[in-house]
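Visitor: sequence-free structure coming up:
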């Protein structure tokens, strides 16, 4: 053997020792991980033995039989088959208890369990740690700080701003409607609700309807909704580093940046306005401040103001929650009434008796449209804007039927499943506004479009006002009918959206 070959052999021999050690350690770690996974899964199987569920694969869970398009149909089959709740295995040892019973809902929402860590971790880069994701005492302080922004004295002047935004959208519809083609309404309604939130909560001057930045923001929010849903259901996307390296992870990062640029511009504009001579004291002297005023002047209990990070998190949270969920709600309400012309006409007659030509809508009018309100609630039952919320049990829980779960288990409260549960709502797929007639006997947690308990939607009164204003003014201007060739395909993302849009035929009544 040559000298050079002998040297190489000796070098390889000296390396093989460390490589063998590394390989052995890797094998041991892999075996420990496998044992940990096996023991965790066996524990979970024992925990959930009280809750029957469809057969699942030990690694892929229920995902082998699941697709985005038929997920809600599969859910409804299980709501009928399994009483109150069932475990849904995502993959391996990742499992949620899906709950759709009002008594179960009441128990969970009556506690102070945190949101599921998966959802919080994936949402935080987008909306930050604002009111939606905060927990404990910090959440309580922020909730108490922001509650005055939704006082009825603050909300009253907003009606005129809401009406202006709606009329701007309806004027556009007048220009584009045709007897032969339908109009996709969700995009325009999203712009309208964004315009409303900008005017009401952030005192924005002008309209966002023709603003390219606003349209880009709405598209970014739409993409973030879809990507969040996708990530929650993909085992390979759970690690932040791996996800960031994927094409979808990069798109997600870009969409977050675009959304943040939009909200940063809102904050910057308002700060600059407040710094004008005399404007700061003028705003401070108001008896009531709008949402952004309250954030800018807020002081925590220790006397400190909100950091820039906290400020943007609350603005991002409210911008998302204040326009996207409301846009979904309005769109589905119009679709439901378009599909049921007899109820649509009855609402129109009620609104005509109140508003006449629709020249103005006042605070008092909102409580004088009982049938319209019943139809709104029934549409929100059929199409809840937020189809599910999640919790992670911080302590053991026992349900009314005696079944129990230990701490650490993830629970998904299926609002869609609850609203379509035949044991709660007979003939749940039928549009029947009489379910919400005065004196109807409902379980306190049978209808939860705005969640429930102490963490219910802080802006639910604002949202209901906007739903009523939008519906009233739309029905005065147009007769609505569905496009039978474009039936919406429901997709249960973070917000209930149609895969193919919501297309309606509009007939002008003016």
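Guide: The structure has been received and is ready for your questions. Predicted model only: the values in this text are computed from it and were never measured.
Visitor: Verify the contact between residue 385 and residue 449 for me.
Guide: Yes: between residue 385 and residue 449 there is a contact at 6.7 Å, judged by Cβ atoms under 8 Å. C-beta: built from backbone N, CA, C; applies to glycine.
Visitor: The nearest residue to residue 440 once chain neighbours are set aside and residue 377: what is the separation?
Guide: Once flanking residues are discounted, residue 440 sits nearest to residue 434: 7.5 Å by Cβ to Cβ, 6 or more residues apart in numbering. In this view, residue 434 and residue 377 are 11 Å apart by Cβ to Cβ, to the nearest Å.
Visitor: Give me the more crowded residue out of those two.
Guide: The residue with more neighbours, out of residue 434 and residue 377, is residue 377; 18 against 9, by other Cβ atoms under 10 Å.
Visitor: Leaving out the residues flanking it, which one is nearest to the more buried one?
Guide: residue 436 (4.5 Å).
Visitor: ok, the one you found touching residue 373?
Guide: Yes: counting by Cβ under 8 Å, residue 436 does reach residue 373; the two are 7.5 Å apart.
Visitor: what packs against the helix or strand harbouring residue 389?
Guide: Using DSSP states H and E, residue 389 sits in strand 388-392. On a contact count with 3 or more Cβ pairs under 8 Å, 6 or more residues apart in numbering; DSSP states H and E, strand 388-392 meets helix 117-127, strand 410-414, helix 415-419.
Visitor: make it 6 Å
Guide: Helices and strands touching strand 388-392, by 3 or more Cβ pairs under 6 Å, 6 or more residues apart in numbering; DSSP states H and E, are strand 410-414.
Visitor: quick one: strands adjacent to the strand it packs on?
Guide: Counting by DSSP bridges, the strands paired with strand 410-414 are strand 94-99 (parallel), strand 388-392 (antiparallel).
Visitor: where do the strands sit along the stretch 101-250 of the chain?
Guide: Applying DSSP state E, counting those that start in this stretch to the stretch 101-250 of the chain gives strands spanning 183-184.
Visitor: whoops, I mixed them up, the stretch 401-510 of the chain
Guide: Ranges of strands within the stretch 401-510 of the chain are 404-405, 410-414, 478-482, 490-492, 496-498, 503-508, based on DSSP E, counting those that start in this stretch.
Visitor: mind listing what's buried in the longest one?
Guide: In other words, strand 503-508. Buried positions in strand 503-508, judged by neighbour count with 16 or more other Cβ atoms under 10 Å: 503-506.
Visitor: From the chain's centroid, how far away is it?
Guide: Put simply, strand 503-508 sits 27 Å off its chain's centre (Cα atoms, centre = their mean, to the nearest Å).
Visitor: Give me the angle between that strand and strand 478-482.
Guide: For strand 503-508 against strand 478-482, the angle by axes from the mean of the first three to the mean of the last three Cα atoms, to 10 degrees is 150 degrees.
Visitor: Pull the residues that contact strand 503-508.
Guide: Strand 503-508 is touched from outside by 173, 177, 182-185, 338, 478-481, 483, 486, with contacts defined as Cβ atoms under 6 Å, 6 or more residues apart in numbering.
Visitor: Tell me which of the strands paired with strand 410-414 lies nearest to residue 246.
Guide: For residue 246, the closest of these is strand 94-99, at 19.0 Å, according to Cβ to Cβ.
Visitor: contact partners of the closest one?
Guide: Outside of strand 94-99, the residues within contact range by Cβ under 6 Å, 6+ apart are 44, 85-89, 410-414.
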